[in-house]
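A.B. asks: Sharing a model prediction with you, sequence too.
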Amino acid sequence: MARTLGIVGVGLIGGSFGLAARKAGWEVIGVDAPEVLEEATDLGAIDRPSTIKEVREADLILLATPISKVRSLLSELPPTDALVTDAASTKSAIVREAERQRLGRFVGGHPMAGSQLSGVANARADLFRGARYFLTPTDRTDPEAYREVSAFVREFGANPTAVDPEQHDLLIAALSHLPHLMAAALLKVASDISPEALTFAGPSFRDLTRVGASNPGLWSDILAENAPALGEALGAFAGAMAQLGSEISNKQSIERRFRDARAAYDALGGIVIEGSGTNVELAVPVENRPGVFAEVTTLMGKNNINILDLYVRHSNTERAALVLTLEAEAASAAQELLRGAGFQAEVLG
């Protein structure tokens, strides 16, 4: 008999889980607006529309709505014996609410995967493959429930990592939420200096402020939910900026700061993902021409080399470097394949 996954909120994350789960043999039911459910059914992200009442009978319930709706949904779920998890990017308040509602089989979750594109139309069955997936158990979490949710996310290629809910929120405030605020602030500073300033911006400024173009409604929602942790991160950032400001005229101090920053940045390519070993970054210089990125990524995919992450380093209008994050054991094979296809490929480090 097929296991049943009930997804509440069938957008990018919920839809991607639905596509992956159906491929793995789950029956998937969805709760969302009628037009979203119709699209999700047509795209194969769910088997059929459902209701909160019916979802209570599922084997596993995934709450993948906008973050501000998750806590109210937790109060609508009881009574249920289903395993319950969520995909919201803040955890403390949600975990507390689940415990208050006595949802004994709840495990908070947050996939570190996504896209600047939203909606079920952009869902992908492989969205979570190779991604870190935070799970936030507490001393009140049922160990068997944690084991089952961990197995669930592994089933779709994600790498679960347990972290305390409060620590999670502070970590995400520093790694994700603070950079969005920094981008907004930098864009305002440049705009205030001169209305034409942004037309002069080079690649580094564009790369640094790219997240400033994120969905305004979504991000105002996320930041409000993580206000306490984000306030702490902002305080630390303000202190760091003040310290740097006091050292600007001291060449040795600033040089030391940049050496420290470079060492910290280099560590980004060496994050250890559970079960995967150490990752490496592979830089592939390419011409700025249509289809070149697809050539590189398709070459990796056809040879079963998983790209954990990628980004572009622009040097000028004619050349760029596509930087691939790969598992260390795949780096040599990737280099050989790329060089055979006429690309340069060097490990960063």
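C.D. replies: Sure thing, it's come through.

A.B. asks: ranges for the helices of this protein?
C.D. replies: Ranges of helices within the chain are 12-23, 34-43, 52-55, 67-76, 92-100, 143-155, 165-172, 178-193, 203-209, 216-225, 227-247, 251-267, 292-302, 331-340, based on DSSP state H.

A.B. asks: and among these, the most buried is which?
C.D. replies: Comparing those by mean neighbour count (mean count of other CB atoms under 10 Å), helix 12-23 ranks first with a mean of 25. The C-beta positions use only the backbone N, C-alpha and C, and glycine is treated the same way.

A.B. asks: Which strands or helices does that one pack on?
C.D. replies: On a contact count with 3 or more CB pairs under 8 Å, 6 or more residues apart in numbering; DSSP states H and E, helix 12-23 meets strand 4-8, strand 27-31, helix 34-43.

A.B. asks: In PDB, list the C-alpha atoms belonging to the longest one.
C.D. replies: I take that to be helix 34-43. Taking C-alpha atoms only, helix 34-43 is exported to PDB below (Å, rounded to 0.1, in the frame of the first residue of the first chain):
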ATOM      1  CA  PRO A  34      -8.000  25.800  -6.200                       C
ATOM      2  CA  GLU A  35      -6.000  27.300  -9.100                       C
ATOM      3  CA  VAL A  36      -2.700  26.200  -7.600                       C
ATOM      4  CA  LEU A  37      -4.000  22.700  -7.000                       C
ATOM      5  CA  GLU A  38      -5.200  22.500 -10.600                       C
ATOM      6  CA  GLU A  39      -1.800  23.500 -11.900                       C
ATOM      7  CA  ALA A  40       0.000  21.200  -9.400                       C
ATOM      8  CA  THR A  41      -2.200  18.200 -10.600                       C
ATOM      9  CA  ASP A  42      -1.500  19.000 -14.300                       C
ATOM     10  CA  LEU A  43       2.300  19.200 -13.600                       C
END
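
A.B. asks: Once you drop chain neighbours, what's closest to His180?
C.D. replies: Val211 (5.1 Å; CB to CB, 6 or more residues apart in numbering).

A.B. asks: Quick check: which ranges of the stretch 201-349 of the chain have low pLDDT?
C.D. replies: 267-278, 309, 313-319, 349 (pLDDT under 70).

A.B. asks: how does it look with 90?
C.D. replies: 201-219, 221-222, 261-332, 343-349 (pLDDT under 90).

A.B. asks: per-domain residue ranges of this protein.
C.D. replies: 4-163, 167-247, 269-347 (automatic domain parsing).

A.B. asks: Met112 versus the residue nearest to His180, what's the distance?
C.D. replies: 15 Å (CB to CB, to the nearest Å).

A.B. asks: that older thread, can you tell which of the helices and strands packed on helix 12-23 is closest to Pro228?
C.D. replies: With CB to CB, the closest approach to Pro228 among the helices and strands packed on helix 12-23 belongs to strand 4-8: 25.7 Å.

A.B. asks: Can you list the helices and strands that the closest one packs against?
C.D. replies: helix 12-23, strand 27-31, helix 52-55, strand 60-63.

A.B. asks: Quick one: these as CSV, columns for mean pLDDT too.
C.D. replies: Converted to CSV, the helices and strands packed on strand 4-8 look like this (pLDDT from 0 to 100):
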stretch, mean pLDDT
helix 12-23, 96
strand 27-31, 97
helix 52-55, 96
strand 60-63, 98
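
A.B. asks: Relative to Glu281, which of these is closest?
C.D. replies: helix 12-23 (24.8 Å).

A.B. asks: Measure how that closest one sits relative to strand 4-8, angle-wise.
C.D. replies: Interaxial angle of helix 12-23 relative to strand 4-8 (axes from the mean of the first three to the mean of the last three CA atoms, to 10 degrees): 170 degrees.

A.B. asks: switch to numbering from 27
C.D. replies: Will do, 27 is the new start, and the previous item becomes helix 38-49.

A.B. asks: what's His136 in contact with, if anything?
C.D. replies: Taking CB atoms under 8 Å, 6 or more residues apart in numbering, we find His136 in contact with 113-115, 117, 159-160, 162, 194, 198.

A.B. asks: Any quick PyMOL command for the buried ones out of those residues?
C.D. replies: To isolate the buried ones among the contacts of His136 in PyMOL, judged by 16 or more other CB atoms under 10 Å, type:
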select buried, resi 113+114+115+117+159+160+162+194+198
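
A.B. asks: could I get the contacts of His136 as a markdown table with pLDDT and distance to Leu204?
C.D. replies: Output for the contacts of His136, formatted as a markdown table (pLDDT from 0 to 100; distance: CB to CB, whole Å):
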| residue | pLDDT | distance to Leu204 |
| --- | --- | --- |
| Ala113 | 96 | 21 |
| Ala114 | 94 | 18 |
| Ser115 | 91 | 13 |
| Lys117 | 95 | 17 |
| Tyr159 | 93 | 21 |
| Phe160 | 93 | 17 |
| Thr162 | 92 | 20 |
| His194 | 93 | 15 |
| Ile198 | 93 | 9 |
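
A.B. asks: Gly134: which of the contacts of His136 is nearest?
C.D. replies: Of those, the one sitting nearest to Gly134 (CB to CB) turns out to be Thr162, at 3.9 Å.

A.B. asks: Remind me what the longest strand along the chain packs against, helices and strands.
C.D. replies: Identified as the longest strand of the chain according to DSSP state E is strand 303-313. Secondary structure elements in contact with strand 303-313, counted by 3+ CB pairs under 8 Å, 6+ apart, are strand 298-299, helix 318-328, strand 345-353, helix 357-366, strand 372-373.
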